[in-house]
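J.: Below are the sequence and a predicted model for it; my questions follow.
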Amino acid sequence: MQTSFTLNGKATQVDVAPEMPLLWIIRDELGLTGTKYGCGIAQCGACTVHIDGYAQRACQVQAQDLAGATVTTIEGLGTLANLHPVQEAWIETQVAQCGYCQSGQIMQAASLLADIPNPTDEEIDDAMSGNLCRCGSYPRIRQAIRAAATKMADTQ
Amino acid sequence: MSKLRTITRRTLLIGSATIAGGVAFGAYLAKKPIPNPLLDNLGDGQAAITPYVLIDAAGITLITPRADVGQGAYTVQANMIAEELDIDPATATISPGMPGPAYYNEALLSEAVPYPPYNEDALPEALRRFMSIPAKIIGLQVTGGSSTVPDSYEKLRLAGAVARETLKQAAAQRLGINRSDLTTQDGHVITPDGTRIAYTDLATEAATIDPVIDVSLRDPGQWTLLGKPHQRLDIIAKSTGTET
């Protein structure tokens, strides 16, 4: 089937099987590999993207549900020349170790801060609990989210 | 006999290396230099002064053969080479290189001695140094056992120093002056009148001369990179979804 949606600000059309997950569309059809495949069953958060502004697992959204949606991936969140405050905080805090889960972590954190600009530790843990990191970078993730919240408050 | 039955992997390794014939064989193999694998596939205008430094007109590639799965191994290896090479490691390409005997891990077996790591008496220390001989013969290109820095600490700095002095030699020959009159800074050879010649501009000439191997390592007091906090070289790529 053909479906049209907005990906990182660009009108995008793909012709794929109706049940193809968005994660496959992003990575295999469109070649954007910043979004990672972790488990494929919404248990790890590595494939987190924004759909209509909210963090969603790209492995659980099918092509047939995409029509008209606005999708943002890590590539659309910020670029090297124009980093999102969450990415700036991530770099300054040196959160990543192996880095495999970090695109998902960053997308989840950006969604959290768009919703709750100054979250408590409990709110951070609640929002981030679905994003697993086997390196165990959780303390720095929390630290970076706090730093990003401060940055975003300062620029407003 | 109970000792024999409880023989450990550690004592077995010691034993197999100290059997008379084994040592002689080992000493021969251990002294034999390992060829530089980068020379096999060298392109036009490329210089591989050591197995760890590849230079061509486009840039400098640092070979960091210990794998990085997030522990920062590429960053620390690149910094060890860069410390002596006088480059900003962030400007270099970092590559794990290829599998090859030149990249064996000489520190891998250093704790495979029948002493605990905190015992730094003369005999355990001597045995730990000795274990670099079987390590070379076995030739394992292994990352593990917290061995990356002990293994690389001298050889990567030496690789940087050999590359630096060889690039200076290439510049000296081009200008008809002595190597000792030249200095290096930030990827350039600096001549006595202050002219800067980029390393990348010297690659072709450096490839044609023998590497300068009588080099000495800098005193830690002169270090500008090692011993100081650094941003991981891959942190931006890993925070923007562009790490490959």
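T.: Perfect, I can see it now.

J.: Within range of chain B, give me the residues from chain A.
T.: Within chain A, the residues that sit near chain B (Cβ under 8 Å from any Cβ of the partner chain) are A:32-35, A:73-75, A:78-80, A:83, A:87, A:90-91, A:94-99, A:102-103, A:106, A:135. All C-beta spots, glycine's among them, are computed from the backbone N, C-alpha and C.

J.: Which ChimeraX command selects the buried ones in those?
T.: The ChimeraX selection below is limited to those of these classed as buried (16 or more other Cβ atoms under 10 Å in any protein chain shown):
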select /A:32,33,34,35,73,74,75,78,83,87,90,91,94,95,96,97,98,99,102,103,106,135
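
J.: Could you list which of the residues of chain A next to chain B belong to helices?
T.: A:74-75, A:87, A:90-91, A:102-103, A:106 (DSSP state H).

J.: Report the two of those separated the most.
T.: A:75 and A:91 (16.0 Å; Cβ to Cβ).

J.: Can you lay out the ones in helices among the residues of chain A next to chain B as a markdown table showing pLDDT and distance to residue B:217?
T.: What follows is those, written out as a markdown table (pLDDT from 0 to 100; distance: Cβ to Cβ, whole Å):
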| residue | pLDDT | distance to residue B:217 |
| --- | --- | --- |
| A:74 | 98 | 41 |
| A:75 | 97 | 43 |
| A:87 | 98 | 38 |
| A:90 | 98 | 36 |
| A:91 | 97 | 32 |
| A:102 | 98 | 36 |
| A:103 | 98 | 40 |
| A:106 | 98 | 40 |
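
J.: And those, which is closest to residue B:73?
T.: Nearest to residue B:73 among those, with distances taken as Cβ to Cβ, is residue A:102, at 17.9 Å.

J.: State the distance from that closest one to residue B:227.
T.: 28 Å (Cβ to Cβ, to the nearest Å).

J.: Just give the nearest non-adjacent residue to residue A:85, would you?
T.: In space, and not counting its chain neighbours, residue A:85 is closest to residue A:151: 4.2 Å by Cβ to Cβ, 6 or more residues apart in numbering or on different chains.

J.: To which secondary structure element is that neighbour assigned?
T.: helix A:138-154 (DSSP states H and E).

J.: Show me the strands in the chain, by range?
T.: Since no chain was named, I'll use chain A. A:2-7, A:10-15, A:48-51, A:54-57, A:70-72 (DSSP state E).

J.: Let me rephrase: I mean chain B.
T.: B:47-50, B:53-56, B:59-63, B:93-95, B:183-185, B:188-190, B:196-198.

J.: Looking at these, which is nearest to chain A?
T.: Closest to chain A of these, according to Cβ to the nearest Cβ: strand B:93-95, at 14.4 Å.

J.: which helices and strands sit right next to that closest one?
T.: Contacts defined by 3 or more Cβ pairs under 8 Å, 6 or more residues apart in numbering or on different chains; DSSP states H and E place strand B:93-95 against strand B:59-63.

J.: How about the residue sitting nearest the centre point of chain A, nearest residue that isn't a chain neighbour?
T.: Residue closest to the average C-alpha location in chain A (Cα atoms, centre = their mean): residue A:107, at 2.5 Å. Nearest non-adjacent residue to residue A:107, counting by Cβ to Cβ, 6+ apart: residue A:48, 4.4 Å away.

J.: got the strands of chain B as JSON lines, with mean pLDDT columns?
T.: JSON lines is the format used below for those (pLDDT from 0 to 100):
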{"stretch": "strand B:47-50", "mean pLDDT": "76"}
{"stretch": "strand B:53-56", "mean pLDDT": "88"}
{"stretch": "strand B:59-63", "mean pLDDT": "90"}
{"stretch": "strand B:93-95", "mean pLDDT": "91"}
{"stretch": "strand B:183-185", "mean pLDDT": "97"}
{"stretch": "strand B:188-190", "mean pLDDT": "97"}
{"stretch": "strand B:196-198", "mean pLDDT": "97"}
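
J.: Name the residues of chain B found near chain A, please.
T.: B:69-72, B:231-232, B:234-244.

J.: I'd guessed residue A:63 sits against residue A:13; true?
T.: No. The pair residue A:63 and residue A:13 does not pass the contact test of Cβ atoms under 8 Å, sitting 11.2 Å apart.

J.: and for these two, which residues touch both?
T.: residue A:3 (Cβ atoms under 8 Å, 6 or more residues apart in numbering or on different chains).

J.: the more surrounded of those two?
T.: residue A:63 (22 against 9; other Cβ atoms under 10 Å in any protein chain shown).

J.: can you pull the contacts of that one?
T.: Remark: with contacts taken as Cβ under 8 Å, 6+ apart, residue A:63 is in contact with A:1, A:3, A:14, A:16-22, A:25.

J.: So which of the residues you listed sit within helices?
T.: Per DSSP H, these map to helices at residue A:22.

J.: Identify the residues contacting stretch B:210-219?
T.: B:49-50, B:83-84, B:154, B:157-158, B:161-166, B:168-169, B:179.

J.: Tell me how far that stretch lies from the chain's centre.
T.: Chain-centre distance of stretch B:210-219: 13 Å, with Cα atoms, centre = their mean, to the nearest Å.

J.: swap in stretch B:151-168?
T.: 7 Å.

J.: unless I'm mixing things up, residue A:130 is touching residue A:108, no?
T.: Yes. Counting by Cβ under 8 Å, residue A:108 is a contact partner of residue A:130 at 7.4 Å.

J.: what touches both of those two?
T.: Residues touching both residue A:130 and residue A:108 by Cβ under 8 Å, 6+ apart: residue A:45.
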